[in-house]
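S.K.: Turn this into a structure:
(one chain, ligands or ions: 1)
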Amino acid sequence: MIEIFLIYLISSVFIFYILKKVFFRLQLSRAKHPSLRGHSKLSRRIARLVPYFEYDENDFYCSDGAPESIAHKRQKGLELLVDLSRKFNSGSNAFSTSLEESVSDVDFTSAYRVPFPYRKFLNKELKTGRIVDKTKGVKIKDIDNNWRFDLSGSYGVNVFGYDFYRDCMEKGFEKVKQLGPVLGAYHPIIRENVEKLKLVSGLDEVSFHMSGTEAVMQAVRLARYHTGKTHLVRFCGAYHGWWDGVQPGIGNQRKTNDVYTLRDRSDITLKVLSTRNDIACVLINPIQAFHPNFDAPSDTTLISSDRSTNYDRGLHTHWLEKLREVCTRKKIVLIFDEVFSGFRLGYRGAQEYFGVQADMVTYGKTLGGGLPIGVVCGQHKLMKRFRDDSPANISFARGTFNSHPYVMGSMNEFLNRIEAPEYQLMYQQADELWNKRVEKLNQRLIEENLPVHVANMHSVLTVLYSVPSRYNWMLQFYLHAEGLDLSWIGSGRMIMSFNFSDDDFSEVIECFVRAAKKMKNDCWWWQDPHLSNKAIKRQMFNEMILARFPFIGKIIQKKIPGCTNETIKGVY
Ligand SMILES: Cc1ncc(COP(=O)(O)O)c(C=O)c1O
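M.R.: Numbers count the residues shown, from 1 in each chain. Below you'll find the model as predicted:
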């Protein structure tokens, strides 16, 4: 009798255990974003299957099935851009091309500027060198003597204008030059930096690194060390540097089994955080509030017009408050990765902007005053790298160039300067100011009946496209020709510095409108009732299938894509 009872008991416990495991696994699956971005392993596998194919000269101009008359106008438009580029950018283009063979970054960025089927033909025709040698105010000069408005923001480093950083570097250098590049020992200037960073972050301790990526690596390593737990939670689409430990999807070949990529702004995610016991830390990139669950927008992937944003400061604040609560309750380390948002969204960065205090914060980019930097700030208990009672149990982190005196010097100048009332005022006014400016830009685009508008979060802007088109990425070249300098990701992220005056921005607006008008006149936004975003994506998918399995194309006699002889239904 007792034996039977024991068998029942053990079986019940076992079944209960299995059911519980299945339940939590299902909950975790539901907390993943349904898109491929939410499924890192699958996305990597599928990425490997995407075949390369390219459009030749004929297909390039009518990959959307436009008639020949439209293709002809597009061709003329591109020829004009090429002429302008040859005339005004020949030095920069030749220089850049000569680097492509030897500097892998140049090779990569010039390839990944437009969707890949268009790459080969376009790169053959239109060169896009960005070799620059001077800045002044909000403008940057290339080696062909063209001055353009800088909308690239130097990856976000440029918050206050290049003149400001030049000063920080020069004055910072003056402060430490008698020491020279001594490493290991500290220049006394470090103390003031540390005290200011503690105040800004609201945390107790600081460590210095050489890049944002390194700072994130260190924060995550410490969180695992102190919690004894294995997993990191990051949110779908969020960028935290190029370390594979925070980039489990496309872009990294290594399998990462200790990262959960969950949905932003989702109650199921909160449930997962509340119920699992293996989560060491939650890593947040506050700029994701602009487009939760989506990657930072880049023109490389712009094959249709469904790029969107979903910025709601109130909603996101509420979401971060809920995350804060669950992390505190479950002893999960809440890390704000403020490498981009720090010293931009506010003096105290996103913590101040959203009113939420993190357990650890990483900074980088602008904080170096123009020199390379990564910083981790954290509570004492999280920053300690060894245990008093277990001498071999350490969390090791060093770095030859950490706390480089020249970086400490320019950081010191940066931190001191931005305390001045004029900079504090800039912080207080920036949100409203950029909202107003972007509104003005959009008003002009409406007046001119152009199928583009711009969305912003604070001083970060993105271009959205309002009619279905396969050619929106062409806008970057028209903008460049009209005197606007963008980074290699094109019109997806324009990062504005606070030294733009209203007049400067009015000029930017006019350049922008001129560029969009020319693009419209050159018919890249040609419309047809069959051309929907869905149809474009379906077509792209079919083209991939045909490229992967060419025999199918032979059987069904299908070629991709080709101009049609249809009459024009409507022309933008
Ligand atoms: C939020 C965030 N974290 C980390 C990084 C990586 O910083 P770095 O490029 O200095 O390594 C970046 C860079 O863009 C970033 O935006």
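S.K.: In three-state terms, label residue 547 for me.
M.R.: Counting by DSSP: H, G, I helix; E, B strand; the rest coil, the backbone at residue 547 sits in helix.
S.K.: excluding its backbone neighbours, what's nearest it?
M.R.: Nearest non-adjacent residue to residue 547, counting by C-beta to C-beta, 6 or more residues apart in numbering: residue 53, 3.8 Å away. C-betas here are computed from N, CA, C, even on glycine.
S.K.: Can you give me the distance of the one you found to residue 551?
M.R.: 15 Å (C-beta to C-beta, to the nearest Å).
S.K.: The two: who's more crowded?
M.R.: residue 53 (16 against 8; other C-beta atoms under 10 Å).
S.K.: what's near enough to touch that one?
M.R.: By C-beta atoms under 8 Å, 6 or more residues apart in numbering, the residues touching residue 53 are 117, 543-544, 546-547, 560.
S.K.: Show me which pair in those is furthest apart.
M.R.: The widest separation within the contacts of residue 53, taken as C-beta to C-beta, falls between 117 and 546 and amounts to 11.7 Å.
S.K.: Compute the number of surrounding residues for the residue in the chain that the ligand sits nearest to.
M.R.: In the chain, the residue that lies nearest the ligand is residue 212 (2.3 Å; C-beta to the nearest ligand atom). By the criterion of other C-beta under 10 Å, residue 212 has 29 neighbours.
S.K.: per-residue confidence at it?
M.R.: Residue 212 carries a pLDDT value of 98.
S.K.: ok, now which ones touch it?
M.R.: 241, 337, 339-340, 362-365, 374.
S.K.: and these, which of them are in strands?
M.R.: Those of those mapping onto strands are 337, 362-364, 374, per DSSP state E.
S.K.: Please tabulate those residues in a markdown table and include pLDDT, distance to the ligand and neighbour count as additional columns.
M.R.: A markdown table is the format used below for the ones in strands among the contacts of residue 212 (pLDDT from 0 to 100; distance: C-beta to the nearest ligand atom, whole Å; neighbours: other C-beta atoms under 10 Å):
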| residue | pLDDT | distance to the ligand | neighbour count |
| --- | --- | --- | --- |
| 337 | 98 | 5 | 31 |
| 362 | 98 | 7 | 32 |
| 363 | 98 | 10 | 29 |
| 364 | 98 | 5 | 29 |
| 374 | 98 | 6 | 27 |
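S.K.: Format the residues you listed as a markdown table; extra columns: distance to residue 385.
M.R.: Compiled in a markdown table, the ones in strands among the contacts of residue 212 are given as follows (distance: C-beta to C-beta, whole Å):
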| residue | distance to residue 385 |
| --- | --- |
| 337 | 20 |
| 362 | 16 |
| 363 | 19 |
| 364 | 20 |
| 374 | 16 |
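S.K.: Let me know the closest of these to residue 194.
M.R.: For the ones in strands among the contacts of residue 212, the residue nearest residue 194 by C-beta to C-beta is residue 363; the value is 12.6 Å.
S.K.: Pairing partners for the closest one in the sheet, please.
M.R.: Listed beta-bridge partners, residue 363: residue 375 (assigned using DSSP bridges).
S.K.: Most neighbours among the contacts of residue 53, which one is it?
M.R.: Most neighbours among the contacts of residue 53, by other C-beta under 10 Å: residue 117, with 23 neighbours.
S.K.: List the contacts of it.
M.R.: Neighbour list for residue 117: 53-55, 63, 543 [criterion: C-beta under 8 Å, 6+ apart].
S.K.: does it sit in a helix, a strand or a coil?
M.R.: From three-state DSSP, the assignment for residue 117 is helix.
S.K.: Show the pLDDT at it.
M.R.: 94.
S.K.: Go ahead and confirm residue 526 touches residue 69.
M.R.: No - taking contacts as C-beta atoms under 8 Å, residue 526 lies outside contact range of residue 69: 9.7 Å.
S.K.: Just want to know which of the two has more residues nearby.
M.R.: residue 526 (27 against 15).
S.K.: For that one, grab phi and psi.
M.R.: phi -50, psi 140 (degrees, to the nearest 10).
S.K.: Near the ligand, which residues of the stretch 351-500 of the chain are found?
M.R.: Residues of the stretch 351-500 of the chain lying close to the ligand (C-beta under 6 Å from any ligand atom) are residue 364.
S.K.: just the chain next, same as before
M.R.: 155, 211-213, 216, 239-241, 285, 337, 339-340, 364.
S.K.: How are the strands of the stretch 251-400 of the chain distributed by residue range?
M.R.: Per DSSP state E, counting those that start in this stretch, the stretch 251-400 of the chain carries strands over the ranges 259-262, 279-284, 333-337, 360-364, 374-378, 386-387, 390-394.
S.K.: Export those to a markdown table and append columns for distance to residue 10.
M.R.: Formatted as a markdown table, these follow (distance: least, C-beta to C-beta, whole Å):
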| stretch | distance to residue 10 |
| --- | --- |
| strand 259-262 | 32 |
| strand 279-284 | 30 |
| strand 333-337 | 38 |
| strand 360-364 | 44 |
| strand 374-378 | 45 |
| strand 386-387 | 39 |
| strand 390-394 | 37 |
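S.K.: Next step: the residues of the chain next to the ligand restricted to helices.
M.R.: 212-213, 216 (DSSP state H).
S.K.: Tabulate those in a markdown table, adding columns for distance to residue 163.
M.R.: Shown next, in a markdown table, are those (distance: C-beta to C-beta, whole Å):
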| residue | distance to residue 163 |
| --- | --- |
| 212 | 24 |
| 213 | 28 |
| 216 | 30 |
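S.K.: which one of these is nearest residue 124?
M.R.: Nearest member of those to residue 124, counting by C-beta to C-beta, is residue 213, at 34.0 Å.
S.K.: Next up, the contacts around the nearest residue to the closest one once chain neighbours are set aside.
M.R.: Excluding the flanking residues, the one nearest residue 213 by C-beta to C-beta, 6+ apart is residue 241, at 3.1 Å. For residue 241, the contacting residues are 211-214, 216-217, 247, 339, by C-beta under 8 Å, 6+ apart.
S.K.: filter these to the buried ones?
M.R.: Taking 16 or more other C-beta atoms under 10 Å as the criterion, what is buried in those is 211-214, 216-217, 247, 339.
S.K.: in stretch 95-104, what's buried?
M.R.: Buried positions in stretch 95-104, judged by neighbour count with 16+ other C-beta under 10 Å: 95-96, 100.
S.K.: next one: stretch 20-38
M.R.: 27-28, 31-33, 36-38.
S.K.: just stretch 45-65 next, same as before
M.R.: Of all the residues in stretch 45-65, those buried under the rule 16+ other C-beta under 10 Å are 53, 55, 59-65.
S.K.: Among those, which are located in helices?
M.R.: Using DSSP H, these in helices are 59-61.
S.K.: out of the residues you listed, which one sits closest to residue 191?
M.R.: The nearest one, if we look at these relative to residue 191 and count by C-beta to C-beta, is residue 60, at 59.5 Å.
S.K.: Nearest residue to the closest one in space, please, no chain neighbours.
M.R.: Spatial nearest neighbour of residue 60, excluding adjacent residues (C-beta to C-beta, 6+ apart): residue 121 at 4.7 Å.
S.K.: Please identify the helix or strand for the one you found.
M.R.: If you go by DSSP states H and E, residue 121 is part of helix 116-125.
S.K.: what's the residue nearest the centre of the chain in contact with, if anything?
M.R.: Centroid check for the chain by C-alpha atoms, centre = their mean gives residue 296 as the closest residue, at 3.8 Å. Listed by C-beta under 8 Å, 6+ apart, the contact set of residue 296 reads 237, 239, 287, 489, 492-493.
S.K.: ok, which pair from the buried residues of stretch 20-38 is furthest apart?
M.R.: So, the buried residues of stretch 20-38 by C-beta to C-beta: farthest apart are 27 and 36, at 20.4 Å.
S.K.: Stretch 391-402: which residues count as buried?
M.R.: Neighbour-count burial for stretch 391-402, counted by 16+ other C-beta under 10 Å, picks out 395, 397, 399, 402.
S.K.: In this protein, which helix is the longest?
M.R.: Per DSSP H, the chain has its longest helix at helix 2-31.
S.K.: which strands and helices sit next to it?
M.R.: Helices and strands touching helix 2-31, as assessed by 3 or more C-beta pairs under 8 Å, 6 or more residues apart in numbering; DSSP states H and E, comprise strand 259-262, helix 267-275.
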